[in-house]
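Undergrad: can't give you the sequence, but here's the structure:
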C-alpha cells in the first residue's frame, strides 16, 4: 500500500464518483489517494481499522474464515464501494478480509478524523445507513448460495468475476491455488477438479499449465447469475 501524492488523480476520482455529495461538509483536504498492488491485503480479520475507504478503481475480493479456519468467499467488489462502514459505526476491528485482484486505487480518510468530523453529519450518516442496508440484504441471501447454486454455477461466477484481461487469460487461477479456490466456493478440491474437467470437455474453458482460459463466456454467464456481485 502506498499513499500517492498525485493531486490530479485524486481530484479525478473524487469528482468522477461525486464523493463530495456523501458529506455535509467539505472533506476533500482530509482525503488521501491510496494505491494497492495486485493480491495485496486492504483489510484483514481482527486488524485495527485505520482508514475508511472509497474503492474507486480496480477489483477486490471479500472473504471470511469459518470456525475451522477455512476461507469462504463472500463477494467481489468493483467501484464504487465503501470499505469500513460497519467499523466506523461500531469502532470494532475488521470482520472480513479484503484483498485486491488487480492493481487498485482507493480514496481513504483517517478513521479518527472521520469520526471527529462526521459522526454527527446527517448527510454522511444517511449514506452509511444506505450502504449497511444493502450489505445486510446481501448477507441475508448469502447463506442460501451454496444451497441454491451448484458448484459449477459458483465456479463460473468466480471465473467471470476475476476475469480482468481482455484476452481472458486468467493468470490468477493457478494449479497451486485450486485448493484455496475450492475453499472459497465451499466445495472439495476433488470436486472442483471434476468441474474443471467437465467444463474443459465441453470446450467452455481450456486449462493450459497453470492458467485457465475462458473459451465460452456466454455459457459461463448463463449459469453464473452474478452470484458473487
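TA: Arrived safely, thanks for sending. Everything numeric in this text was worked out from a predicted model, so none of it was measured. Numbering: from 1, shown residues only.
Undergrad: Mark out where each domain of this protein begins and ends.
TA: 2-142, 145-224 (automatic domain parsing).
Undergrad: Now mean neighbour count and mean pLDDT too, for these, in JSON lines please.
TA: In short, each C-beta sits where N, CA and C put it, glycine included. Shown next, in JSON lines, are the domains of the chain (neighbours: other CB atoms under 10 Å; pLDDT from 0 to 100):
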{"stretch": "domain 2-142", "mean neighbour count": "16", "mean pLDDT": "89"}
{"stretch": "domain 145-224", "mean neighbour count": "16", "mean pLDDT": "79"}
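Undergrad: all strands in the chain, in order from the N-terminus.
TA: Along the chain, the stretches classed as strands by DSSP state E are 2-4, 31-36, 41-43, 51-57, 60-65, 71-77, 81-83, 97-100, 104-110, 169-170, 205-208, 211-214.
Undergrad: Include distance to residue 17 when you put these into JSON lines, please.
TA: Output for the strands of the chain, formatted as JSON lines (distance: least, CB to CB, whole Å):
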{"stretch": "strand 2-4", "distance to residue 17": "17"}
{"stretch": "strand 31-36", "distance to residue 17": "12"}
{"stretch": "strand 41-43", "distance to residue 17": "17"}
{"stretch": "strand 51-57", "distance to residue 17": "6"}
{"stretch": "strand 60-65", "distance to residue 17": "16"}
{"stretch": "strand 71-77", "distance to residue 17": "14"}
{"stretch": "strand 81-83", "distance to residue 17": "10"}
{"stretch": "strand 97-100", "distance to residue 17": "18"}
{"stretch": "strand 104-110", "distance to residue 17": "8"}
{"stretch": "strand 169-170", "distance to residue 17": "28"}
{"stretch": "strand 205-208", "distance to residue 17": "34"}
{"stretch": "strand 211-214", "distance to residue 17": "29"}
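Undergrad: what's the closest of the ones you listed to residue 134?
TA: Nearest to residue 134, of all the strands of the chain, is strand 81-83, at 9.9 Å by CB to CB.
Undergrad: Check which helices and strands the closest one sits against.
TA: Under the contact definition 3 or more CB pairs under 8 Å, 6 or more residues apart in numbering; DSSP states H and E, strand 81-83 sits against strand 51-57.
Undergrad: and the strand it packs on, how far from the chain's centre?
TA: 11 Å (CA atoms, centre = their mean, to the nearest Å).
Undergrad: where's residue 107 relative to residue 215, distance?
TA: Separation of residue 107 from residue 215 (CB to CB, to the nearest Å): 38 Å.
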